[in-house]
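S.K.: Sequence plus predicted model, see below.
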Amino acid sequence: MHVPDGFLDAPTSVATGVVAAAAIGVALRGARRELDDRTAPLAGLAAAFIFATQMLNFPVASGTSGHLLGGALAAILVGPFTGLLCMAVVFLVQCLLFADGGITALGTNIDLMGLVTVTVGWLVFRLLQIMLPKRISMVPAAAAVAALVSVPVAALGFVGLYAVGGTVDIPLGNLATAMVGVHLLIGIGEAAITFLAVGSIIAVRPDLVYGARRVLAQRELEVRPSTTTRSAA
Amino acid sequence: MSAEPRTRRSVPVRWIAAGILAVALVLAGIVSYYASSSPDGLNRVAQDKGFSDTAKAPGTGESPLSGYTSSGVDNSRLSGGLAGVVGVLVVLTLAGGLTYVVRRRPRPDADPEPGDRQKAA
């Protein structure tokens, strides 16, 4: 869903750039609370994994493909603030090194595929965590639903921006229907990849998954308060 | 999902990190060759709705890795794979470096110099 240069007019691109810069500023502050010596190395790896997975376009309909956006995955693995930083790095590298996504559209891409997917993904995930049983096995499932929802919302975000600053006058209802339709399909792939990625790490080291920490803290309190092993780092 | 007490230390973080990196390198370096080359959701909608031709060629098009191909490498498998591997390593370095700098330093209560905290703030 990388937006190229030219889809949106200059004022809209400037505005999305300002929003992206502000969001990164907030994320830089918020990430301090999420990252410690143990989780910091994993944040870089999460970004690298998302970059790699974004290269893997999968077919979703005849002659159409999609790829993971990864905002929900990043938020759940490393925390929403750190997740946004990871996504911003991915889009910056894609834009500068690989000419994927326009340079004037970099802010737009960070906003739609980073800020929107991280925020929506994290909120849906937390909502589900509150509603579902507090079990570690629920974390990958909640992550998958959060990922599924985040993609069409990001697509709607594009429609919203196009309504404000699109360079061609087209019926917005049609655009919204088409964008949400295809991105619902892409969202299913997003959900599958997110489920697998979160589930794999949960299976070996659930304590490394940011979104699983509350569940783990509760479980330890309930079941075995005295046998908790802590790293001496 | 049982919560049986495990007495043994679980898988080291180092192994997990190596595993994630290996998966990322394989996906970007090898599997990416098999990715669909159809237009993605947005580009397809742009074609259907008639605004795809407003896309401008990216200003970074002269990058040697433009379009996820390595210029000067003829074999398309190698060219794309190399671009992917370079991308993974660059993203890892930048994102890893950024989060390492931003991270919360271990600042135990036994910190001998409480003045550091004020200086940082």
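M.R.: All right, it came through fine.
S.K.: CA atoms for contacts and neighbours, from now on please.
M.R.: Will do.
S.K.: in which helix or strand would I find the closest residue to chain A within chain B?
M.R.: Chain A sits closest to B:Gly96 of chain B, with a gap of 3.7 Å, by Cα to the nearest Cα. Using DSSP states H and E, B:Gly96 maps to helix B:76-102.
S.K.: ok, now A:Ser65?
M.R.: Counting by DSSP H and E, A:Ser65 is found in strand A:64-66.
S.K.: Tell me the spacing between the residue of chain B closest to chain A and B:Ser63.
M.R.: 23 Å (Cα to Cα, to the nearest Å).
S.K.: Likewise for A:Leu208?
M.R.: 36 Å.
S.K.: can you give me the helices in chain B?
M.R.: B:13-29, B:41-49, B:76-102, B:115-120 (DSSP state H).
S.K.: Just name the most buried of those helices.
M.R.: Comparing the helices of chain B by mean neighbour count (mean count of other Cα atoms under 10 Å in any protein chain shown), helix B:76-102 ranks first with a mean of 21.
S.K.: mean confidence for that helix?
M.R.: Mean pLDDT, computed over helix B:76-102, is 96.
S.K.: and A:Ala203, how many neighbours?
M.R.: A count of nearby residues for A:Ala203, using other Cα atoms under 10 Å in any protein chain shown, gives 10.
S.K.: Remind me which helix or strand it belongs to.
M.R.: Element membership of A:Ala203 [criterion: DSSP H and E] is helix A:172-204.
S.K.: Show me which residues of that helix are buried.
M.R.: A:175-176, A:178-180, A:182-195, A:197-199, A:201-202 (16 or more other Cα atoms under 10 Å in any protein chain shown).
S.K.: Surely A:Gly6 touches A:Val168?
M.R.: No - the pair A:Gly6 / A:Val168 is not scored as a contact, 10.0 Å apart, by Cα atoms under 8 Å.
S.K.: Spatially nearest residue to the most centrally placed residue in chain B, not counting backbone neighbours?
M.R.: Central residue of chain B (Cα atoms, centre = their mean): B:Val91, 4.5 Å from the mean position. Computed as Cα to Cα, 6 or more residues apart in numbering or on different chains, the closest residue to B:Val91 that is not its neighbour in sequence is A:Ala48, at 5.4 Å.
S.K.: do the same with B:Leu65
M.R.: Nearest one to B:Leu65, counting by Cα to Cα, 6+ apart, is A:Phe98 at 5.2 Å.
S.K.: In terms of pLDDT, where does that neighbour sit?
M.R.: Looking at A:Phe98, its pLDDT is 96.
S.K.: How about the one 10 residues further on?
M.R.: Listed pLDDT for A:Thr108 reads 98.
S.K.: What count of nearby residues applies to the nearest residue to it once chain neighbours are set aside?
M.R.: Spatial nearest neighbour of A:Thr108, excluding adjacent residues (Cα to Cα, 6+ apart): A:Thr16 at 5.1 Å. A:Thr16 has 22 neighbours, counted by other Cα under 10 Å.
S.K.: tell me the SS of A:Thr16?
M.R.: helix (DSSP: H, G, I helix; E, B strand; the rest coil).
S.K.: measure it to chain B for me?
M.R.: Separation of A:Thr16 from chain B (Cα to the nearest Cα, to the nearest Å) stands at 17 Å.
S.K.: ok, now A:Gly187?
M.R.: Distance from A:Gly187 to chain B, by Cα to the nearest Cα: 11 Å.
S.K.: just so I have it, where are all the strands in chain A?
M.R.: Per DSSP state E, chain A carries strands over the ranges A:58-61, A:64-66.
S.K.: Which one of those lies nearest to chain B?
M.R.: Taking these one by one with Cα to the nearest Cα, strand A:64-66 is closest: 4.4 Å.
S.K.: Now for the closest residue in space to A:Pro59 that isn't next to it in sequence, how many residues are close by?
M.R.: Closest residue to A:Pro59 apart from its sequence neighbours, by Cα to Cα, 6+ apart: A:Ser65 at 4.2 Å. By other Cα under 10 Å, 26 other residues sit near A:Ser65.
S.K.: I figured A:Ser65 hits B:Ser38, correct?
M.R.: Yes - the pair A:Ser65 / B:Ser38 is scored as a contact, 5.5 Å apart, by Cα under 8 Å.
S.K.: Mind listing the shared neighbours of those two?
M.R.: A:Pro59 (Cα atoms under 8 Å, 6 or more residues apart in numbering or on different chains).
S.K.: how near is the closest residue to chain B within chain A to B:Val102?
M.R.: Nearest residue of chain A to chain B: A:Gly44, at 3.7 Å (Cα to the nearest Cα). To B:Val102, A:Gly44 is 12 Å away according to Cα to Cα.
S.K.: Could you do A:Ala142 as well?
M.R.: For A:Ala142, the distance to B:Val102 - Cα to Cα - is 28 Å.
S.K.: so who does the residue lying closest to B:Ser32 once chain neighbours are set aside touch?
M.R.: Once flanking residues are discounted, B:Ser32 sits nearest to A:Leu56: 5.4 Å by Cα to Cα, 6+ apart. Applying Cα under 8 Å, 6+ apart to A:Leu56 gives the contacts A:His67, A:Leu68, B:Leu27, B:Ala28, B:Val31, B:Ser32, B:Tyr34, B:Ala35, B:Ser36.
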